[in-house]
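>>> output the structure for:
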Amino acid sequence: MAATVPERRPLRVAMIHYSDFRLDSRIQRLANALAGRGDEVHAIGVGAADRIVVGSGAIVVHALSPDRRRGGARALMAGYTSFAAAAARRVAGLHLRHGLDLVEAHNMPDALVAAGLAPRAAGVPLVLNVHDTMPELYETRFGRRGARLARIEERACAAVADAVIVVTDEARRRLTSRHVGVGRTVVVMNSPDEAVFGPPRPPVRPPADGALTAIYHGGLPARFGVETLIRAMGRLGERVPRLRLRVLGSGDERDRLAALAREVAPERVTVAARPVPFEQIPGELAAAHIGVVPTERDAFTELLLPVKLLEYVQMGLPVACSRLPAIERYFDEDEIRFADPGSPDAFADALQELCEQPRAASERAMRATQRLADIRWETQRRRYLDTVDRLVAARAAPEGRPAARQAAAWTMRRSARATASA
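Numbers count the residues shown, from 1 in each chain. Sure thing, here's the model as predicted:
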C-alpha cells in the first residue's frame, strides 16, 4: 500500500517593506506565490490597508505610515527609523497573537531586518530580500562615505538573516565579493508573473503607417534616464512624426519631466499625472508598440536587470534599451536594440530604427521572448517557495532551534572573518 503524503500546513508569513503594496510588483509577485498555495501573508508597508483573497490563501496589507522616501540622507533616515519602529511593533504583535512561521524584510533599507528580530529570537526564520544593493546606490547619491556606512549596514543585517535573496547573479556575486551572505544567498529574479501578464505574447510589429506609441513605466529619478528619453523624442523632430511617448511613473521628478516634455516635444510626450497601479500596467503595455529602458550607467545601475525590460519582452514589445553589463548578460544585439546610456541622439536613432524597420523589430522581439523562457517566473517561483519551506522545516528540526541556530550563525560569521583576513 502506497504511503500517504502528509498535507502541507499553511504558513503565516510577514513581509516588511517600506513601499506601497499596490505599486511594488516584486512584493506582489512573492506574496501572490505564497497566498496562491494557501498561505497567509501579512504585507507591512505604506499606502492603504487591504485584504486580498488569492486562491485558498490571503494577503493582508498593513499600512503603517505615509511614504516618506524622498529627500536627503537625513530625511531618508528619519523615515526609515520611524517605519522600522512601527513595523517591529506590528510584527511582534502578529507573532504574539497568531504565531508567524517566517519573517521577510525587503530592502530598502537593509536595516528593516531589525523589525523581525523579536520573532527570530523565538526561532522564527528571518530573510533579507535585497531588491537593490544599498552600497552602490548610496555611493551614487551620497558619495563614498554613504557607501561605507551602507556596507557596514549590509554586512550586519545579512549576518542576522537565515537567508539572503537577491534579484540577479550579478548582485549575488557583488555580495559574495564583500563576504556578505556567503552560502546563504538565493537568486529569485523579477521575471513577469504569467498570472498577471498572461503567457508570452506574440511579437508586436510596429505598423508601417498610422500612430505609434512608445512606453516607459518605472521610476522617475535621474538614474533611470527619463530625461534622456524625453530629449530623444525632441531630437526625433519630424523624422518620425507619428511616434508618441507615454511615461508612467511616480516621484518628485514628475512635474519637472512634464515641463521638459512640453518644452522639447510638445504634444508628443505624455507624463502621467499620477502613479498607475501595477494591475493596470499589462493593459498599458498591450496598447503600446515599443518599450524603452533608458537607464543611466553608474555603479548601482550596472547591477540591474530592470523588471520593466522583462515585462516589455513578456508582452512582445520591441525594446530600445541602455547598454548595461547586467542586461547584456541576458540579452544581445539580436534581441534588444541597444543604445548608449545618457545619449539622447543614440536613443533617437534606436527609436527611429524600430519604427522604420518593423519586420526587424518584430524579429528581435521574438528572439527576446525565447530568451525569457530561460528565466520564466514559474522557475523563480518554485525557487522562492522552496527556500521558504526549507527555512521553516529547519526551524522544526533539532538543529533549527534557537540556541543551535545562533551557534551556527556565530560559526558562519567567524569562518567568513577568517576567510576575509586570509
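
>>> need the CA coordinates for the lengthiest strand in the chain. CSV is fine.
Longest among the strand segments of the chain by residue count, using DSSP state E, is strand 12-20. Taking Å, rounded to 0.1, in the frame of the first residue of the first chain, the C-alpha atoms of strand 12-20 are listed here in CSV:
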residue,chain,number,x,y,z
ARG,A,12,1.8,32.6,8.1
VAL,A,13,4.4,34.9,6.7
ALA,A,14,5.2,38.6,7.5
MET,A,15,6.7,40.8,4.7
ILE,A,16,8.2,44.1,5.8
HIS,A,17,8.7,46.6,3.0
TYR,A,18,8.9,50.4,3.0
SER,A,19,6.8,50.7,-0.1
ASP,A,20,3.2,50.8,-1.3
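
>>> parallel or antiparallel, which strands does it pair with?
strand 40-46 (parallel), strand 102-107 (parallel) (DSSP bridges).

>>> what about the longest helix in this structure?
helix 134-160 (DSSP state H).

>>> pLDDT of the helix or strand that that helix is followed by, averaged?
Past helix 134-160, further along toward the C-terminus, the next helix or strand under DSSP states H and E is strand 163-166. When pLDDT is averaged over strand 163-166, the result is 98.

>>> which residues are in contact with strand 163-166?
The contact list for strand 163-166, computed with C-beta atoms under 8 Å, 6 or more residues apart in numbering, reads 104, 125, 127-130, 158, 172, 175, 180-181, 184-188, 384, 387, 391. To be clear about C-beta, it is placed using only N, CA and C from the backbone, and glycine gets the same treatment.

>>> try it again with 7 Å
By C-beta atoms under 7 Å, 6 or more residues apart in numbering, the surrounding residues in contact with strand 163-166 are 127-130, 158, 172, 175, 181, 184-188, 387, 391.

>>> in stretch 86-105, what counts as buried?
Going by neighbour count (16 or more other C-beta atoms under 10 Å), the buried part of stretch 86-105 is 86-88, 90-92, 94-95, 100-105.

>>> repeat that for stretch 320-335.
By neighbour count on 16+ other C-beta under 10 Å, the buried set for stretch 320-335 is 320, 321, 322, 324, 326, 327, 330, 331, 335.

>>> what's the most distant pair in the residues you listed?
Using C-beta to C-beta, those span at most 17.2 Å, a distance reached by 320 and 326.

>>> buried residues of the longest helix of the chain, list them for me.
For helix 134-160, using 16+ other C-beta under 10 Å, the buried residues are 134-141, 146-147, 150-151, 153-155, 157-160.

>>> and what of stretch 288-301?
The neighbour-count check on stretch 288-301 (16+ other C-beta under 10 Å) flags 288-298, 300-301 as buried.

>>> and for stretch 191-208?
For stretch 191-208, a neighbour-count test (16+ other C-beta under 10 Å) marks 191, 192, 193, 196, 197, 200, 201, 203, 204, 205, 206 as buried.

>>> re earlier: need the strands paired with strand 12-20 in TSV with mean pLDDT, can you?
As requested, the strands paired with strand 12-20 are exported to TSV (pLDDT from 0 to 100):
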stretch	mean pLDDT
strand 40-46	97
strand 102-107	97
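
>>> export those strands to TSV and tack on distance to residue 213?
Listed next are these as TSV, based on distance: least, C-beta to C-beta, whole Å:
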stretch	distance to residue 213
strand 40-46	32
strand 102-107	33
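
>>> residue 118 is nearest to which of those?
Closest approach to residue 118 among these (C-beta to C-beta): strand 102-107, 9.1 Å.
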